[in-house]
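> generate coordinates for the sequence data below:
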Amino acid sequence: MRKDLGFWGLTGIGFSNIVGSGWLFAALYAAQTAGPAALLSWVGAGLLCGLVALVMIELGATRPEGGGTVRWPLFASGRLVGTLVGWSVLLSVGGTAAEISAIMQYAAHYLPDIYNGHTLTFPGLALAAGLSVLLTALNWFAVRMFAQLNNLISVFKIAVPVITVIALVASGWHSGRLTDHGGFAPYGYVACLTALAGGGIVYSVNGFQAPLDFSGETRNPRRTIPAAVLTGIGLALLMYLALQLAFLFTVPENLLGGGWKGVSFESPFGQLALILNLHWLSSLLYADAVISPGGSAYVGVALNARHTYALAKNGTIPRFFMKVNERFGVPRRALAINLVVIMVFLLPFGGWQDIVSVMGDMYLLIYAASAVAVAVFRAEPGGSTAGWVPGLDWIAPLSFVVATEFVYWSGWDDLRFALPLVLGGLLIFLAMRRSRHQAGLSLATELRTGAWLVVYLVVLTVVSWLGTFEGSGRLPAPYDSVAVAAIAVAVFFWAVRSGVSQLVASRAATA
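Take a look at the predicted model:
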């Protein structure tokens with residue numbers, strides 16, 4: 001692949017991947033869940049994502065690899081973990097399908113026949129399929145063209161939220177909103193944790209890892225990737241905080257009779273602009289409701305192709321999909337199979353929010369596996385003890401715990417579907433192993449090395465059912481989150497020991 005990407009290209013990719021349809025809804029849902037204390041949720045999410053990003057930066061800067069987020073777990077933890085993580089990444093193509101579905105839903109403001117209130121109609125599916133083909137076609141050529149087009153979209157995605165904040169604040173500012181209507185935290189500070197997932201905050205800040213998947217196509221990745229990832233997170237966090245403040249301080253007083261939980265909009269900023277007689281802003285917002293998710297879907301198509309390329313390189317799927325076009329340096333076969341997957345996810349089996357909530361858990365599992373990977377690479381015999389990121393010895397386990405808590409806080413309703421889906425990758429692992437000549441480690445050794453991830457997923461599912469985040473409540477708060485943290489610490493060190501043993505065994509088998 002060609003190394004055509006620089007700082008601004010990578011920053012645009014990261015920011016565009018973070019800012020999709022989430023900014024249009026998260027301020028409302030977060031306020032409904034936590035009231036003004038949602039501001040703390042945004043700050044917490046930004047800091048915690050920055051912590052996880054440091055782990056990803058270490059891997060991307062020191063081990064640049066196309067589709068690295070699915071390559072590193074394979075190298076560090078063996079084929080079973082690599083397959084399960086890779087399978088979750090392949091499933092996460094549904095996130096791009098969800099963004100496309102969101103575009104159709106917003107476009108129904110102008111084309112009501114494409115959405116019936118619950119699912120896309122046949123004309124809506126046809127239009128969504130056409131948009132999927134268009135996004136794939138735009139990614140069909142050189143990565144430089146992709147970066148340039150994405151930069152243009154990113155400029156628009158920055159401008160519209162900024163204009164929205166300025167216009168809303170200028171239209172009227174209701175003082176006392178941080179203390180009135182139940183106080184700063186009307187539903188308790190625990191609601192700040194619920195808002196991370198239930199308020200759409202985790203989904204909204206998710207996607208900062210995007211530049212890392214282009215590390216193999218970056219000029220000077222050691223210097224460029226860290227700056228691009230952290231800049232993307234910082235810009236997105238500032239934007240979300242400004243939008244949350246604008247929403248809190250400009251909602252008309254007559255809508256707050258039932259408190260923040262009683263505020264309800266189908267299209268929050270668009271309808272709020274209409275109420276405030278900002279018709280020009282409403283028109284702009286409905287247009288951006290197509291462009292912002294479209295930009296995220298555009299980046300998602302490119303990322304999914306790199307992931308699928310890496311999965312083929314891993315041997316998780318046939319190596320046929322590893323072929324890269326020699327002229328343009330683009331994995332076109334990977335783009336083609338992902339187009340098929342997107343089409344499947346576009347079938348009307350559920351709303352886009354349901355898809356997105358499950359896909360978010362898939363990405364969080366990638367973050368957890370990456371934290372294990374960076375610790376394994378440093379702990380292996382002959383590995384670097386200095387580290388590119390200072391303090392990595394405590395950052396890696398802490399980021400694993402953070403990712404695990406984010407998964408848990410997403411709630412039982414999501415995890416009861418997401419985690420069993422990931423465990424379905426066991427069948428793929430066995431099928432792919434049977435289909436090829438397997439040299440080196442035995443099946444028993446591979447199962448033993450990767451057992452930590454299977455146990456981790458099963459135990460996390462059980463605790464989610466017992467806990468208070470949409471679970472049965474048998475394990476009360478805050479003991480449920482404390483238990484999840486303790487489990488995460490134990491699993492992390494088990495996983496690192498298993499990974500180091502796997503690396504030693506692999507070297508001995510190939511010696």
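> report the buried residues of stretch 103-120.
Ile103, Met104, Gln105, Tyr106, Ala107, Ala108, His109, Ile114, Tyr115, Thr119, Leu120 (16 or more other CB atoms under 10 Å). Heads up, the C-betas are built off the backbone N, CA and C, glycines and all.
> check contacts around the fifth one.
With CB atoms under 8 Å, 6 or more residues apart in numbering as the criterion, the residues that contact Ala107 are Ile114, Leu127, Val290.
> now with 6 Å?
Contact analysis of Ala107 by CB atoms under 6 Å, 6 or more residues apart in numbering lists Val290.
> quick one: it and Val422, what's the gap?
Ala107 sits 32 Å away from Val422, taking CB to CB, to the nearest Å as the criterion.
> the second one now?
Remark: distance between Met104 and Val422 (CB to CB) = 28 Å.
> which helix in this protein runs the most residues?
helix 279-314 (DSSP state H).
> for that one, which helices and strands make contact with it?
With contacts defined as 3 or more CB pairs under 6 Å, 6 or more residues apart in numbering; DSSP states H and E, helix 279-314 has these neighbours: helix 7-18, helix 68-91, helix 93-107, helix 122-138, helix 143-171, helix 268-275, helix 332-345.
> check which residues of stretch 411-419 are buried.
Gly411, Trp412, Asp414, Leu415, Arg416, Ala418, Leu419.
> do stretch 394-413 as well
395-412.
> low pLDDT regions in the stretch 1-150 of the chain?
Within the stretch 1-150 of the chain, the ranges that satisfy pLDDT under 70 run 1-4, 66-67, 117-118, 141-150.
> if we go to 90?
Along the stretch 1-150 of the chain, segments meeting pLDDT under 90 span 1-30, 33, 44-75, 78-79, 82-83, 85-126, 128-129, 131-150.
> what of the stretch 251-400 of the chain?
253-254, 256-258, 262-271, 285-367, 377-393.
> now with 70?
For the stretch 251-400 of the chain (pLDDT under 70), the answer is 325-329, 348-357, 382-388.
> would you mind measuring from Gly12 to Phe249?
Taking CB to CB, one finds Gly12 at 30 Å from Phe249.
> among the helices and strands packed on helix 279-314, which comes closest to Ser506?
Nearest to Ser506, of all the helices and strands packed on helix 279-314, is helix 68-91, at 8.1 Å by CB to CB.
> residues contacting the closest one, please?
The set of residues external to helix 68-91 that reach it, using CB under 6 Å, 6+ apart, is 59, 65, 212, 215, 307, 310-311, 314, 316, 362, 365-366, 369-370, 373, 376, 422, 425, 428-429, 446, 449-450, 453, 499, 502.
> over to stretch 468-488?
So stretch 468-488 is contacted by 400-401, 404-405, 408-409, 411-413, 459, 463-467 (CB under 6 Å, 6+ apart).
> most widely separated two among those residues?
Of all pairs drawn from the contacts of stretch 468-488, the widest gap by CB to CB lies between Phe400 and Asp413 and measures 23.9 Å.
> ok but Val330 is inside a strand, no?
No. Counting by DSSP: H, G, I helix; E, B strand; the rest coil, Val330 is not part of a strand but coil.
> please report how far it lies from Pro397.
For Val330 relative to Pro397 (CB to CB), the value is 37 Å.
> what about Asn338, how many residues nearby?
27 (other CB atoms under 10 Å).
> low-confidence ranges, the stretch 401-511 of the chain, go.
435-441, 508-511.
> can you show me the helices along the stretch 301-450 of the chain?
Ranges of helices within the stretch 301-450 of the chain are 332-345, 352-379, 392-409, 412-423, 425-435, 443-466, based on DSSP state H, counting those that start in this stretch.
> export the ones you listed to JSON lines and tack on distance to Val299?
Formatted as JSON lines, these follow (distance: least, CB to CB, whole Å):
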{"stretch": "helix 332-345", "distance to Val299": "13"}
{"stretch": "helix 352-379", "distance to Val299": "14"}
{"stretch": "helix 392-409", "distance to Val299": "21"}
{"stretch": "helix 412-423", "distance to Val299": "22"}
{"stretch": "helix 425-435", "distance to Val299": "25"}
{"stretch": "helix 443-466", "distance to Val299": "28"}
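> right, and those - which one's nearest Val165?
helix 352-379 (24.0 Å).
> pull out the buried positions in the closest one.
In helix 352-379, counting by 16+ other CB under 10 Å, buried: 352-353, 355-379.
> go on, stretch 312-330?
Ala312, Lys313, Asn314, Gly315, Thr316, Ile317, Phe321, Met322, Val324, Phe328, Gly329, Val330.
> repeat that for stretch 133-141.
Buried, per 16+ other CB under 10 Å, within stretch 133-141: Leu135, Thr136, Asn139, Trp140.
> now do stretch 268-282
Pro268, Phe269, Gly270, Leu272, Ala273, Leu274, Leu276, Leu278, Leu281, Ser282.
> for it, list the C-alpha coordinates in CSV.
The C-alpha coordinates for stretch 268-282 follow below in CSV (Å, rounded to 0.1, in the frame of the first residue of the first chain):
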residue,chain,number,x,y,z
PRO,A,268,-33.4,17.4,18.6
PHE,A,269,-31.5,20.3,17.1
GLY,A,270,-33.6,20.5,13.9
GLN,A,271,-36.9,20.8,15.9
LEU,A,272,-35.3,23.0,18.5
ALA,A,273,-34.3,25.4,15.7
LEU,A,274,-37.9,25.5,14.4
ILE,A,275,-39.2,26.2,17.9
LEU,A,276,-36.8,29.1,18.1
ASN,A,277,-37.9,30.4,14.7
LEU,A,278,-34.4,29.6,13.2
HIS,A,279,-35.8,28.1,10.0
TRP,A,280,-32.6,28.6,8.1
LEU,A,281,-30.7,26.7,10.7
SER,A,282,-33.3,23.9,10.7
